[in-house]
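Peer 1: predicted model follows, preceded by the sequence.
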Amino acid sequence: MDKEMLLDWYRQMVLIRRFEQRSSELYQQGKIGGFLHLYIGQEAIAVGAIAARQEGDHVITAYRDHGHALAVGSDVRRLMAELMGKATGVSKGKGGSMHLADVERRYWGGYAVVGGHLPLAAGIALAEQYKETDNAVLCFFGDGATNIGYFHESLNLSGVWKLPVLWICENNQYGMGTTIERASAVPRMVDKACAYGMEGKQVDGMNVIDVYEATQEALQKIRSGEGPQFLEMLTYRYEGHSMGDPLRYRTKDEVEKWREDDPIGILERHLLEEGLATKDELEEIDNAVEQLVEEAVTFAEESPLPEPEALFEDIYVEA
Amino acid sequence: MAEYIVMPKLGFDMREGVLNNWLKEVGEEVQKGDVVAEIESDKATLELESQVSGVLLKYLAEAGDVVPIGANVAIVGEEGEDVSGLSGDGDGQTGPESTLSPRKEEVVQPEEAVAEEPRLTRAPEAKAEPAADGEAPALSGADGTAVGEEYPEGTKATPVARRVAREHDVDLRQVSGSGPEGRIRKADVEAYLERQPEAAEEARPAARFEPTPVAAGPDTSEVEMTRLRQAIGRRMAESKTTVPHFYVTTQVAMDEALALRKQINEKLPDEQKVTVNDMIVKAAALTLRDFSNLNASFAGDKLVRHNRINVGSAVAVEGGLLTVVQKDTDSATLSKIAADNKAMIARAREGRSRPDDFEGSTFTVSNLGAYDVDHFVAIINPPEAAILAVGTASQVPVVENGELAIGTRMKATISADHRVTDGAEAARYLQAFKGLLEEPLRLLL
Amino acid sequence: MARITMRQAITDALREEMHRDETVFIMGEEIGVWGGTYAVTRGFYDEFGDKRVRDTPISEMAIGGAAAGAAMNGLRPVAEFMTINFALLALDAIVNHAAKLHYMFGAQMKVPVVYRAPGGSGRQLGATHSHTPDVIFAHFPSLKVVSPGTPYDAKGLLKSAIRSDDPVLFIEHATLYQVRDEVPDDEDYTVPIGVSDVKREGSDVTIVTYAQGLQVSLEAAERLSKEGIEVEVVDLRTLRPLDMGPAIESFKKTFKAVVVEEGHRSYGVGAEVVARLQEEAFDFLDAPIKRVAQLEVPLPYSRELEQMALINPDRVIEAVKEIL
């Protein structure tokens, strides 16, 4: 891990943070509709894990997907345009916040049905196995998803067929408004892995370096034939489940406590303390990101809405 | 520089919020991100974070107010700034544009302008030919179904049976049905037709006119005819073949009429200006007072004279022709005629006509003066007795007192039903009509 | 030409396509070592090996989703649900995921997956194993749903489904597997998805039907013919996209129609066909359009009781005579 990489991770996390904050503002102004699930607080996971992938590896996640889209390097302007439902959006305005995707970069999207993408991940991995490559699939999901039927069936299938999937549980302590203790008979997600023939590992999801190293290690195991792997990354979301969350299920103190471990703050301290960067350098990155996000907002606002004909396009590949 | 704090959208279906209470006072410093108030949506109590920084200068909403999302609730600016003039109505700095509001553009193409099929003109007192003898059915309305006839209790007949009956002008009340509960089916109508071929044919000779077939091919293209066009076609074919038309033409000196019109219109605003057609229509109506045969309908062995004089004016619309009817035209003032006709024509062109606009005409005027027409001959609108066709008023060389001069002349041709009138009467009508227009002051009475 | 069963026709189609395109593979419960619970894939495991013939655990949701995932990433899976009743467990994976992704992600990916599922009532399998829930799947705009009624159509349609870039649900009927018919051998033919077919000509009444209903209607037609009544039988073959052309053309000749389907009457295929007939050919209606369908009851085990609820030629004949 050299300075270049770490600064790039810093930039990516700041980009995600700024993008999410701006999206929140735009949502409150009525320019983004539907549901908006912010990734604020969880940036280290998307950035650290995706940084560890090799070129052919795939990424797929649930609806809290802006962070992953940015971490694979998608065009920020087109992501913002998608949030505003414009024709220039990555999904032509037809997906919205929960369905960003960038297939060229092997990012298969965000998915709204909890757990719905887990078997898709298994299938994508199945195809890699079938084509006899050593590519893997990084499948992200939340703690809540570990209780749905899709989780059980997909992990089991991956275990039994030894599919090259890295199952990454982003445990942000809550499934919407429900704590883990109230939802899961087994409170540590990593303990569920053995039911599918996998060893799990818990990772500090607020530390991007830890995330990177753990992911790298797990991918290594997959590629050397040890079968699918499971990582539980402990993290926290500073905002609600989505916009309009009344936040009755946790206290302000709890949120404040987790803010002390802000992933961006952690990396910043590391960079400064190790002399890998100066405050000015970091501020320069901050400003560049700010500008990039504003450009994206302008682009999105000036982009046209989809044409009426678009309603009927792409229902089938062959009409 | 004053900025606004706005009621935010904090939920995908949130449309308004209640401002429960302010957490910052007027005069207090506010940083972007500070919680300035507690608001309530119908799902939850939430925090309103300011998106602007400065001094809170003025509340635009009070505790307890229900505020729509996007509306301004407070003004923030520099200390001491004068914001007395700012009410904060409508758009604030953070201008709200709900992407959820309905799109302004129509996704679907709007329907054609002429949505409703207008009833074609009919004399109010003209009776339909009696259907009692079971032969000729009632006069057709625009879509070919019997107009003014009600099937008792709604005759039970299948859609295809009704269609076949329509196409052959069969009165369904004459047909017995073999279906359940006496429902009339296609076979029943066909059986009925087989039993009386002659009656069906005699009743509506016009309907037997099949168009000469034209082979469709690479040199032809087919266009759907509007129902209006088809209806006009049926009626004109019927009129031309059953009514013995004859025609008389006269030439009217329009100089006085045009001069009077100019005078009248000088002082009038555009929407009240009198047209030449208005004067023609009035002249035609006034003259009819003395020629009641021409304001009548042929009814077999009698002549039905109409007590009112309602002159219809033919109006070109997309896909055909409509006749808008001025009621009591003889006693209406020129300005009333002008106003009514203008309104009815506008409605007709926009497809918003009222049924009344087309009802009750007793005489029709058709004016092609706008098209440089010398003269033309119109087809009578049954069941009227006559129609007046008017050409362009143009400058021509004329002979006055044995000398050549230039005058404005307009030709008018009356088509009349020889069953109710004859040439001499029609000619006298034209003479009187012409006289009115040539001494137009009488039109102002 | 050979007279083969529908089962054989499906087997042949699968085998031929697997030879033709190496991205085609099959997955499902008991399709490999067992050879398929209806013996459709007997011998495939030995012929193609376990990479291309995948026995899955009992995991319908994973079968539905993983097949879609593999299709997203360049393969052409043919996933089998042991019966269409179990496919209900994968309804979300099929209609919310496989069918939606192409549209929802702005055409960034395509999902060329085929889901095969046999249905069919009347084998005393009890209420949970005897549904014909075709319309539930046909309801959703971005899924294609086909259900052949003859061996010829089965082979041709399955090939079209496998070669299609769209997700297709291919509904088979256990009771139809034994039906025999002429199928050209050694000919690589396809039957287009979304095209109906007149299976029998006639001028008295139009019967609109598909799958099991087709066989029942053809039998009824033979018997009616002996009484001098000639019915025209239109086979829909595809439920979505629905081709009403031949049915409407036929209706405009006969003015009367009966819809025959194996599913329940309410909210069924008949409901859709009747709606379209009266919308597009209102002036040709000479009688109410009848629907012959399964009675509105869960299917019981006891044989005679179950038979009473099913469609059969007698009920079709009765319906035809009612409107003649």
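Peer 2: Okay, I see it. Numbers count the residues shown, from 1 in each chain, chains lettered A, B, ... in the order given.

Peer 1: the helices in the stretch 201-319 of chain A, which residues?
Peer 2: Along the stretch 201-319 of chain A, the stretches classed as helices by DSSP state H, counting those that start in this stretch are A:208-221, A:252-259, A:263-273, A:279-302.

Peer 1: for B:G80, give its distance to chain A.
Peer 2: 28 Å (Cβ to the nearest Cβ, to the nearest Å). No exception for glycine: its C-beta is placed from N, CA and C like everyone else's.

Peer 1: tell me the SS of that residue?
Peer 2: coil (DSSP: H, G, I helix; E, B strand; the rest coil).

Peer 1: what do you get for B:L46?
Peer 2: Under three-state DSSP, the three-state class of B:L46 is strand.

Peer 1: so it is in contact with B:E40, correct?
Peer 2: Yes. Between B:L46 and B:E40 there is a contact under Cβ atoms under 8 Å: 7.2 Å.

Peer 1: overlap of the contact sets of the two?
Peer 2: Counting by Cβ atoms under 8 Å, 6 or more residues apart in numbering or on different chains, the contacts common to B:L46 and B:E40 are B:G17.

Peer 1: these two: who's more crowded?
Peer 2: More crowded of B:L46 and B:E40, by other Cβ atoms under 10 Å in any protein chain shown: B:L46, with 24 against 14.

Peer 1: what about A:L118, how many residues close to it?
Peer 2: Residues lying near A:L118 (other Cβ under 10 Å) number 33.

Peer 1: cool, B:P213 as well?
Peer 2: 6.

Peer 1: tell me the spacing between it and B:D169.
Peer 2: For B:P213, the distance to B:D169 (Cβ to Cβ, to the nearest Å) stands at 22 Å.

Peer 1: which parts of stretch C:186-205 count as buried, going by neighbours?
Peer 2: C:T190, C:V191, C:I193, C:G194, C:S196, C:D197, C:K199, C:R200, C:G202, C:D204, C:V205 (16 or more other Cβ atoms under 10 Å in any protein chain shown).

Peer 1: equivalent analysis for stretch C:300-320, please.
Peer 2: Of the residues in stretch C:300-320, C:E306, C:A309, C:L310, C:I311, C:P313, C:R315, C:V316, C:I317, C:A319, C:V320 count as buried by neighbour count, 16+ other Cβ under 10 Å.

Peer 1: gap between the fourth one and C:A293?
Peer 2: Taking Cβ to Cβ as the measure, C:I311 and C:A293 are separated by 6 Å.

Peer 1: overlap in contacts of these two?
Peer 2: Joint contacts of C:I311 and C:A293 (Cβ under 8 Å, 6+ apart) are C:V260, C:E261, C:E262.

Peer 1: contact partners for the first one?
Peer 2: This points to C:V260. C:207-209, C:213-214, C:216-217, C:270, C:291-293, C:311, C:316.

Peer 1: the helix or strand containing B:K336: which residues count as buried?
Peer 2: Following DSSP states H and E, one finds B:K336 within helix B:334-350. Neighbour-count burial for helix B:334-350 flags B:334, B:336-342, B:344-345, B:347-349 (criterion: 16+ other Cβ under 10 Å).

Peer 1: ok now that helix, how far from the chain's centre?
Peer 2: Here helix B:334-350 is found 11 Å from its chain centre; the criterion is Cα atoms, centre = their mean, to the nearest Å.

Peer 1: kindly report the same for stretch C:25-36.
Peer 2: 20 Å.

Peer 1: wait, does that stretch contact chain A?
Peer 2: Yes. For stretch C:25-36 and chain A, the contact criterion (Cβ under 8 Å from any Cβ of the partner chain) is met by C:F25.

Peer 1: is it fair to say B:Q230 lies in a helix?
Peer 2: Yes. Counting by three-state DSSP, one finds B:Q230 located in a helix.
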